[in-house]
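> here's my sequence, what's the structure:
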Amino acid sequence: MPRPVRFEIEAAGHVGHVFASRQPAVDADGGPAGPPSGPAVVLVHGIGVSHRYLQRLHGELARSADTYSIDLPGFGATPRPEATLSVSDHATYILGAMEQLGVLDFVLVGHSMGSQFAIEVALQQPGRIPALVLMGPVVDSRRRTVAQQALALGRDSLLFESPSSNALVLTDYLRCGPSWYLKTLRVMMGYPTEERIAGVSAPVLVLRGANDPVASADWCRRLAGLAVAGRFVEIQGTGHVVQHNRPAEVAGAIASFAGLPVAASGTAHGFTA
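Residues are numbered from 1 along each chain as shown. Reported below is the predicted structural model:
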């Protein structure tokens, strides 16, 4: 499969990167392939990191759906904004960047703090988001302190992550730098995910690794129950960075939920809340 094409896009006054994998314009016989059989998928990273820990999931989904991964302004190799961006600012960037690429509606998948960005996108322009997927969402309303979050993240990295997922996250944290990370952390901790999700009209899938200490099963079930049309799914045998360690299973769960032409595989257990 060809490598995704990187686009540098300025939207809402900020610069980010979008990595695009689009379905071929011609079929196997050389004729026009026709439109994709399902909606596009957009993947959004969490605090401090980049598209890199979404690459395996991106590859799974891109086999049969137009797939885009975003490096938000200030993360990965993108320029750092002069001022701290709110969750709403990031959502506005996502919508503007995808509009510039001609992608007017899409299934939106956010991981960790990316779930907050995804919720705000769905609130800003609900008609463009047919389905929303929140992987390892934060911040648990019953554990809303930095110390509790840091302890859970440390436990996850020591006990439930693979060497490759830890390496990706650590090197991206170093690229992000402590100043920008801490500024964004304050934004993340102050965002009332449990309140904002109630206003989302699109169907919502809340997905977690079954061993994730950051996004607990209780918290994820509560979020799914607060959504207008929510479903909760667990992927066995992994922690917070579920999409890197179990990409085929996560892709299958997303495909089944959102009606994407991607074969489901692996072990996932879910219910409709």
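
> for the stretch 51-200 of the chain, give me the ranges with low pLDDT.
Judged by pLDDT under 70, the stretch 51-200 of the chain has no weakly predicted residues.

> strands of that one, start to end?
Assigned by DSSP state E, counting those that start in this stretch, the strands in the stretch 51-200 of the chain fall at 67-71, 106-111, 132-135.

> please identify the most buried of these.
Here the criterion is mean neighbour count by mean count of other CB atoms under 10 Å, and of those the winner is strand 132-135, at a mean of 30. To be clear about C-beta, it is placed using only N, CA and C from the backbone, and glycine gets the same treatment.

> so what are the sheet partners of that strand and their directions?
Partner strands and pairing direction for strand 132-135 (DSSP bridges) are strand 106-111 (parallel), strand 204-209 (parallel).

> in the chain, mark out all the helices, start to finish.
Along the chain, the segments classed as helices by DSSP state H run 55-61, 87-100, 113-124, 146-159, 163-176, 178-190, 193-196, 217-226, 242-245, 247-258.

> okay, the strands of the stretch 51-200 of the chain in a markdown table with distance to Asn166 next?
Formatted as a markdown table, the strands of the stretch 51-200 of the chain follow (distance: least, CB to CB, whole Å):
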| stretch | distance to Asn166 |
| --- | --- |
| strand 67-71 | 20 |
| strand 106-111 | 15 |
| strand 132-135 | 17 |
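
> isn't Asp156 up against Ala215?
No: Asp156 is not in contact with Ala215 according to CB atoms under 8 Å; the separation is 9.7 Å.

> so if I had to pick from these two, which one is more boxed in?
With neighbours defined as other CB atoms under 10 Å, Asp156 and Ala215 compare such that Ala215 has more, 28 against 24.

> give me the number of residues near the closest residue in space to that one that isn't next to it in sequence?
In this structure, Ala215 finds its nearest non-sequential neighbour in Gly136, 4.2 Å apart by CB to CB, 6 or more residues apart in numbering. The number of residues packed near Gly136 is 25, by other CB under 10 Å.

> contacting residues around Gly136?
46, 111-112, 115, 207-209, 212, 214-215, 240-242 (CB atoms under 8 Å, 6 or more residues apart in numbering).
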